[in-house]
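[1] Need a 3D model of the following:
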Amino acid sequence: MPHDMNGNVLKAGDAVVVPCTVKEIQTGEEYCNVTLETNFVLYPGDARTSIVLNARQVALNKHESPEL
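    Okay, here's the model as predicted:
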């Protein structure tokens with residue numbers, strides 16, 4: 001049975017949250033794209049998935065505080 005990272009059953013049409021970090025921002029006069037990288041690695045190994053979305057397709061969850 002397909003399930004999420006917490007063991008909840010998934011089905012087509014479900015809304016999900018994908019924890020990602022912004023790795024790059026590409027801006028232009030008519031667009032702003034962001035490259036996102038998943039926060040959790042793929043098992044086995046340490047690969048992460050990257051996706052590019054228009055900035056209007058994402059919502060800020062939190063700002064990371066700079067290290068002091």
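
[2] For the nearest residue to residue 36 once chain neighbours are set aside, the count of nearby residues, please.
    With sequence-adjacent residues excluded and distances taken as CB to CB, 6 or more residues apart in numbering, residue 36 is closest to residue 20, at 3.9 Å. (Each C-beta comes from the backbone N, C-alpha and C, glycine too.) Residues lying near residue 20 (other CB atoms under 10 Å) number 20.

[3] If I follow the layout properly, residue 20 ends up in contact with residue 34?
    No - under the criterion of CB atoms under 8 Å, residue 20 is not in contact with residue 34, lying 9.1 Å apart.

[4] contacting residues around stretch 13-24?
    Stretch 13-24 is contacted by residues 4, 10, 34, 35, 36, 37, 38, 39, 40, 50, 51 when judged by CB atoms under 8 Å, 6 or more residues apart in numbering.

[5] which element is the fifth one on?
    The secondary structure element spanning residue 36 is strand 32-38 (assigned by DSSP states H and E).

[6] Which residue ranges of the chain form strands?
    For the chain, the strands defined by DSSP state E cover 20-27, 32-38, 50-54.

[7] For the last one, which strands pair with it and how are they oriented?
    For strand 50-54, the paired strands and their directions (DSSP bridges) read strand 32-38 (antiparallel).

[8] how far is the partner strand from where the chain is centred?
    Between the centre of strand 32-38 and the centre of its chain there are 7 Å (CA atoms, centre = their mean, to the nearest Å).
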